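1. below: sequence and its predicted model.
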Amino acid sequence: MTKKYTLRLLALLCFLFASAIASAQQINYVRGKIIDKKDKQPIIGASVVIVDKDRRVIKGVSSDIDGNYTLPVADKTYRISVSYIGYKSTAPIAIDKATINFQLESADNQMDEVQIVSKAKADNGSGMNIDKRDQTSAIGTINAKELEDMQAASIDQALQGRLAGLDIAASSGDPGAPMQIRIRGTSSINGAVDPLIVVDGMPYDITIPSDFNFATSDETNYGQLLNIAPSDIKDISVLKDAAATAIWGSRAANGVLVINTKRGTMGPPTISYNFKGSYSKQPSPVPMLNGNQYSTLVLEEFYNAGRQFSTSEFAKEFQYDPNDPYNYFNYSNNTDWLKAITRIGYLQDHNLSISGGGEKAKYRASLN
């Protein structure tokens, strides 16, 4: 019985060994050398690939320092091809022998000289950009890259201190009140001094009625530039002198602020979302006396003047009499009124945009 199983095991091992030999015999190797057809020198780093009948690359190697290569071939239908920069590539040929040498012919292709010249452009607000080298007027420009990392709720805040000759200051102390924009100082005492703002080639009306109540309105309802999100700006140009502003006539007497917004680009729809968060607080004020310290100071003032304390002479707020509830509760508390009417301001800026387009039309929409 044992002898019978031993014979079966030996037969199985012989079958597996024969199958392995047959499988190994199917994988052949092709070798060869790649040289220059003209000077017979070996070509180093030539690309040698094996492709199938559909010209899909199966395997590839590069020739060594002597121009030699070796590649395994698992299928007789595979073909071999060689290519190298500056030489004509060979067409795929059948692998019908173990050694295949190649002589590459030099490709006499000369590239035409290409000159790439980058020219900076200046925008005068009319849509006709000119080269900066040809610009003779005073124009300052800031692009979107400089605005992206700023924690600013509006464009006027983002422009503070960024452009020469552009002054931006608060118009009042009302929360959310718009900024005053001045280009090269104040040009009139009684007349309007606000510059002309041009958005995508169209004048932007920023007139605010004299009876407008800033205290009861939301900040999205007013302000010179609050209706344009900084994330939607492509670039901003400031036209300062008469030559730059002449195209806009008398409305540009106080300068022109030209704003170009971002446009859609050719490609599939792209959705982007940006978030910026910040908080602001009032700086620490001048240290003030509390109620007890102030009362002591008043008493010291009388004592230092040689006067005696008299309850009839002092106002009731300094007597702290519990029997007088009105004055006692009004003047015996240490209330920090500045702290009571102020608080930390938090800012959240969310921007969602979608852009794309094709050959016939491009689009971009944003929500801020």
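-> Nice, thanks for sending it over. Residues are numbered from 1 along each chain as shown.
2. CA atoms for contacts and neighbours, from now on please.
-> OK.
3. below-threshold pLDDT in the stretch 51-200 of the chain: ranges please.
-> 109-130, 132-137, 144, 147-156, 170-179, 184-193 (pLDDT under 70).
4. where exactly do the strands run in the stretch 251-368 of the chain?
-> Counting by DSSP state E, counting those that start in this stretch, the stretch 251-368 of the chain has strands at residues 256-261, 267-280, 345-357, 362-367.
5. please identify the most buried of these.
-> strand 256-261 (a mean of 23; mean count of other C-alpha atoms under 10 Å).
6. with adjacent residues omitted, what lies nearest to residue 281?
-> Take residue 281 and drop its neighbours on the chain: the residue closest to it by C-alpha to C-alpha, 6 or more residues apart in numbering is residue 344, 4.8 Å away.
7. count the neighbours of that neighbour for me.
-> Using other C-alpha atoms under 10 Å, residue 344 has 9 other residues around it.
8. and if you look at residue 202?
-> 12.
9. related to what we said a few turns ago, closest one to residue 231 among the strands of the stretch 251-368 of the chain?
-> strand 345-357 (7.3 Å; C-alpha to C-alpha).
10. surely residue 362 is in contact with residue 270?
-> No: using C-alpha atoms under 8 Å, residue 362 makes no contact with residue 270, being 11.9 Å away.
11. pull up the overlap in contacts between those two.
-> Residues touching both residue 362 and residue 270 by C-alpha atoms under 8 Å, 6 or more residues apart in numbering: 355, 356.
12. show me where the protein has helices.
-> 2-26, 145-148, 155-158, 242-245, 291-304, 325-331, 337-341 (DSSP state H).
13. which helices and strands sit right next to the fifth one?
-> In terms of contacts (3 or more C-alpha pairs under 8 Å, 6 or more residues apart in numbering; DSSP states H and E), helix 291-304 is packed against no helix or strand at all.
14. any idea which of the helices of the chain scores lowest on pLDDT?
-> Lowest mean pLDDT of those: helix 2-26, a mean of 55.
15. only alpha carbons, please: show stretch 98-112 as PDB.
-> Output of stretch 98-112 as PDB, limited to C-alpha atoms (Å, rounded to 0.1, in the frame of the first residue of the first chain):
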ATOM      1  CA  ALA A  98      17.500  35.800 -29.700                       C
ATOM      2  CA  THR A  99      19.800  38.600 -30.800                       C
ATOM      3  CA  ILE A 100      18.600  41.700 -32.500                       C
ATOM      4  CA  ASN A 101      20.900  44.700 -33.000                       C
ATOM      5  CA  PHE A 102      19.800  48.200 -33.900                       C
ATOM      6  CA  GLN A 103      21.500  51.000 -35.800                       C
ATOM      7  CA  LEU A 104      19.700  54.300 -35.200                       C
ATOM      8  CA  GLU A 105      19.800  57.000 -37.800                       C
ATOM      9  CA  SER A 106      20.200  60.600 -36.700                       C
ATOM     10  CA  ALA A 107      17.100  62.800 -37.100                       C
ATOM     11  CA  ASP A 108      18.100  66.100 -38.700                       C
ATOM     12  CA  ASN A 109      15.300  68.100 -37.100                       C
ATOM     13  CA  GLN A 110      16.100  71.600 -35.900                       C
ATOM     14  CA  MET A 111      13.800  73.500 -33.800                       C
ATOM     15  CA  ASP A 112      13.000  77.000 -34.800                       C
END
